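Engineer: here is a sequence together with a model predicted from it:
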Amino acid sequence: MKNEDLKPQGVFHYFAEICKVPRPSKKEEKIIAYLQAFGKKHNLETLTDEVGNVLIKKAATPGMENRKTIVLQSHVDMVCEKNNDVQHDFLNDPIETEIDGEWLKAKGTTLGADNGIGVATELAILADDTIAHGPLECLFTIDEETGLTGAFALKEGFMNGDILLNLDSEDEGELFIGCAGGIDTVAQFAYQEVDVPAGYFCCKVQVKGLKGGHSGGDIHLGRGNANKILNRFLSQTLKKYDMYLCEIDGGNLRNAIAREAHAVIALPEADKHAVRADLNIFAAEVQAEYNVTDPDLQLLMESEAPRAKAIDKDTTKRLLQAIYAVPHGVYAMSQDIPGLVETSTNMASVKMKPGNIIRIETSQRSSTASSKRDMNTMVRTVFEMAGAEVSSGEGYPGWKPNPHSEILEIATASYKRLFGVDAKVKAIHAGLECGLFLDKYPTLDMISFGPTLQGVHSPDERMLIPTVQKFWDHLLDILKNAPVKK
């Protein structure tokens with residue numbers, strides 16, 4: 001199978017096009033310009049708001065002017081993750097795709113199908129005048145992945161739809177009618193630099209090979225968190241030896257489970273062989289713990305050039321204790337929807353910053369507003385007890401399910417008619433922009449759906465090619481059967 005053979009042709013054509021357009025979160029200028037040029041080329045009314053959200057309107061096909069206006073919505077930014085051995089500049093280089101059986105993936109980087117496939121689907125509909133639909137508005141939002149900036153900034157009256165179809169879900173055959181809200185909590189430790197004593201050797205300890213994944217959609221899978229695993233080894237080493245912590249780094253994005261982490265430590269020369277033996281024992285234990293969820297987990301130790309400076313001992317102890325104590329993973333399951341995670345938290349990243357600061361980013365999610373606040377307070381309390389300076393963002397609201405939704409009825413009937421089986425109606429633990437849309441447009445009737453994606457927010461991201469055709473057929477059938485204005 002070749003890229004040009006992929007079906008539906010229009011969708012994969014535009015997906016290939018936008019793979020050439022760099023679009024990291026908060027750096028969406030090039031994709032915004034691409035969308036504006038697309039609208040102009042097709043003589044479609046195109047609006048851009050102050051932050052860069054783009055709205056492209058298309059009139060109803062003849063005979064369907066009396067249907068309710070439908071907004072198709074996707075976010076234009078992508079999570080930019082790559083394997084350490086891959087050279088890729090996300091600000092300038094195109095995403096290189098490859099086909100692996102029935103899957104489309106990228107070469108060592110995130111694919112960007114989250115949510116590029118939604119963007120491509122909207123463009124394919126806007127470009128094709130043979131598709132039957134009522135009045136359409138295609139909304140392309142910015143910066144969904146690192147702050148929901150576009151959805152937060154959306155002004156009342158920018159769009160005028162009655163129904164919104166969010167094209168940002170990742171399991172074909174599932175219709176989502178609710179999502180979790182979230183909030184970020186950031187802790188900062190200020191440290192003093194101290195001298196590493198003479199006669200100490202330095203080594204680098206690495207955790208790698210973890211699957212990582214989406215901190216909402218994959219949190220229930222029990223995958224290892226590189227920050228937590230590394231910290232376990234550092235904590236036991238600090239208790240046993242006169243260890244100096246010279247460098248620590250792990251994870252990248254608040255909404256991704258940390259896949260890799262490393263630290264540079266200094267120890268007395270006499271303990272060189274003992275600490276290496278400790279790592280081998282620890283690695284065997286942890287690999288046994290994660291042999292099902294993360295069979296490729298590796299813990300490595302290698303010699304490092306001597307470091308003159310390290311983090312002071314008091315801060316090192318408080319930092320490692322805080323990372324140990326702060327929760328990570330599922331905290332509570334929903335009491336209303338079987339199998340749905342209600343509340344979770346992600347220990348996302350640990351970074352050393354200029355000015356002798358260690359910054360730790362975490363993210364809490366819950367479909368219950370009070371539980372989100374509770375989880376946020378729990379994480380904040382741990383860091384405050386450890387002496388860190390702690391701050392939280394504004395957070396974003398969840399999307400409360402409406403089981404009596406008109407568009408849900410149309411979508412479920414359409415799916416059964418097309419494919420002979422019932423679509424699964426669900427809520428999702430990941431955050432979607434829908435909760436914010438409801439804040440500005442409280443009468444919107446919404447569902448979210450999409451083709452099957454796996455490994456999103458990691459270089460393992462892949463899209464199941466046959467599900468794109470099913471998603472496309474389902475979407476066009478929903479548009480064809482859009483409800484009449486009352």
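Structural biologist: Received it, and whenever you're ready, just let me know what you need. Numbering: from 1, shown residues only.

Engineer: neighbouring contacts of the helix or strand where Ser235 lies?
Structural biologist: In this assignment (DSSP states H and E), Ser235 forms part of helix 226-240. For helix 226-240, the external contacting residues (CB atoms under 8 Å, 6 or more residues apart in numbering) are 205, 207-208, 210, 212, 243, 245, 248, 250-251, 258-263, 265, 267, 275, 278-279, 282, 286, 297, 299, 316-317, 320-321, 323-324, 328, 347-350. No exception for glycine: its C-beta is placed from N, CA and C like everyone else's.

Engineer: narrow the residues you listed to those in helices?
Structural biologist: Among these, the residues falling in helices (DSSP state H) are 275, 278-279, 282, 286, 316-317, 320-321, 323-324.

Engineer: re the thing from before, please identify the buried residues of the helix holding Ser235?
Structural biologist: 226-235, 237-238 (16 or more other CB atoms under 10 Å).

Engineer: only the buried subset of the ones in helices among the contacts of helix 226-240, as a PyMOL command please.
Structural biologist: In PyMOL, a selection of the buried entries from the ones in helices among the contacts of helix 226-240 looks like this (16+ other CB under 10 Å):
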select buried, resi 275+278+279+282+286+316+317+320+321+323
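
Engineer: what ranges do the strands span in the stretch 301-450 of the chain?
Structural biologist: 309-311, 329-333, 341-353, 357-366, 389-392, 424-428, 445-448 (DSSP state E, counting those that start in this stretch).

Engineer: and for the stretch 1-150 of the chain?
Structural biologist: 46-48, 54-58, 70-75, 97-100, 103-106, 136-141.

Engineer: point out where this structure drops to low pLDDT.
Structural biologist: Within the chain, the stretches with pLDDT under 70 are 1-4.

Engineer: could you list the domains of it?
Structural biologist: 3-180+398-480, 183-392 (automatic domain parsing).

Engineer: would a markdown table of these with distance to Lys486 be doable?
Structural biologist: Formatted as a markdown table, the domains of the chain follow (distance: least, CB to CB, whole Å):
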| stretch | distance to Lys486 |
| --- | --- |
| domain 3-180+398-480 | 9 |
| domain 183-392 | 31 |
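
Engineer: and the residue lying closest to Leu91 once chain neighbours are set aside, its phi and psi?
Structural biologist: Nearest residue to Leu91 in three dimensions, chain neighbours excluded: Pro22, at 5.4 Å (CB to CB, 6 or more residues apart in numbering). Main-chain torsions, Pro22, degrees, to the nearest 10: phi -60, psi 140.

Engineer: Asp89 versus Pro22, what's the distance?
Structural biologist: Per CB to CB, to the nearest Å, Pro22 is found 8 Å from Asp89.

Engineer: who's more crowded, those two?
Structural biologist: Pro22 (21 against 9; other CB atoms under 10 Å).

Engineer: isn't that one right up against Phe90?
Structural biologist: Yes. Counting by CB atoms under 8 Å, Phe90 is a contact partner of Pro22 at 6.1 Å.

Engineer: next structured bit after the helix or strand hosting Gln188?
Structural biologist: Element membership for Gln188 (DSSP H and E) is strand 181-190. Next along the chain after strand 181-190, taking DSSP H and E as the criterion, comes strand 193-195.

Engineer: that next one pairs with which strands, and in what direction?
Structural biologist: Using DSSP bridges, strand 193-195 pairs in its sheet with strand 309-311 (antiparallel).

Engineer: next, the buried residues of the partner strand.
Structural biologist: Going by neighbour count (16+ other CB under 10 Å), the buried part of strand 309-311 is 310-311.

Engineer: not counting its own residues, what contacts it?
Structural biologist: Contacts of strand 309-311 (CB under 8 Å, 6+ apart): 191-196, 244-246, 248, 266, 316, 319, 358.

Engineer: apply 6 Å and report the result again.
Structural biologist: 191, 193-194, 196, 244-246 (CB atoms under 6 Å, 6 or more residues apart in numbering).

Engineer: what's the farthest-apart pair in the residues you listed?
Structural biologist: Greatest spacing in the contacts of strand 309-311, by CB to CB: Tyr191 and Val196 (14.1 Å).

Engineer: for the closest residue to Val468 other than its chain neighbours, helix, strand, or coil?
Structural biologist: Of all residues not flanking Val468 in the chain, Pro451 sits nearest, at 4.5 Å (CB to CB, 6+ apart). Three-state call for Pro451 (DSSP: H, G, I helix; E, B strand; the rest coil): coil.

Engineer: tell me the spacing between Pro451 and Lys470.
Structural biologist: As judged by CB to CB, Pro451 and Lys470 stand 7 Å apart.

Engineer: pick out whichever of those two has more residues nearby.
Structural biologist: Between Pro451 and Lys470, counting by other CB under 10 Å, Pro451 is the more crowded of the two (26 against 17).

Engineer: wait, the more buried one sits on Phe471?
Structural biologist: Yes. If you go by CB atoms under 6 Å, Pro451 and Phe471 touch, sitting 4.3 Å apart.

Engineer: joint contacts of the two?
Structural biologist: Shared contacts of Pro451 and Phe471, defined by CB under 6 Å, 6+ apart, are found at Glu172.

Engineer: circling back to that earlier point, how much space separates the residue nearest to Val468 from Phe282?
Structural biologist: In this view, Pro451 and Phe282 are 41 Å apart by CB to CB.

Engineer: show me where the stretch 351-486 of the chain has its helices.
Structural biologist: Applying DSSP state H, counting those that start in this stretch to the stretch 351-486 of the chain gives helices spanning 369-385, 406-419, 434-440, 465-480.

Engineer: Thr97: which of these is closest?
Structural biologist: Closest among the helices of the stretch 351-486 of the chain, once you apply CB to CB, is helix 465-480, at 11.0 Å.

Engineer: for the closest one, output the C-alpha coordinates as CSV.
Structural biologist: Below are the C-alpha coordinates for helix 465-480, written out as CSV (Å, rounded to 0.1, in the frame of the first residue of the first chain):
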residue,chain,number,x,y,z
ILE,A,465,-6.0,3.4,8.1
PRO,A,466,-9.3,1.5,7.5
THR,A,467,-11.0,3.3,10.4
VAL,A,468,-10.5,6.7,8.6
GLN,A,469,-12.9,5.5,5.8
LYS,A,470,-15.5,4.4,8.4
PHE,A,471,-15.2,7.7,10.2
TRP,A,472,-15.5,9.6,7.0
ASP,A,473,-18.6,7.7,5.9
HIS,A,474,-20.2,8.2,9.3
LEU,A,475,-19.5,11.9,9.3
LEU,A,476,-20.9,12.4,5.8
ASP,A,477,-24.1,10.5,6.7
ILE,A,478,-24.6,12.6,9.8
LEU,A,479,-24.2,15.8,7.7
LYS,A,480,-26.7,14.4,5.2
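
Engineer: sounds good, over and out.
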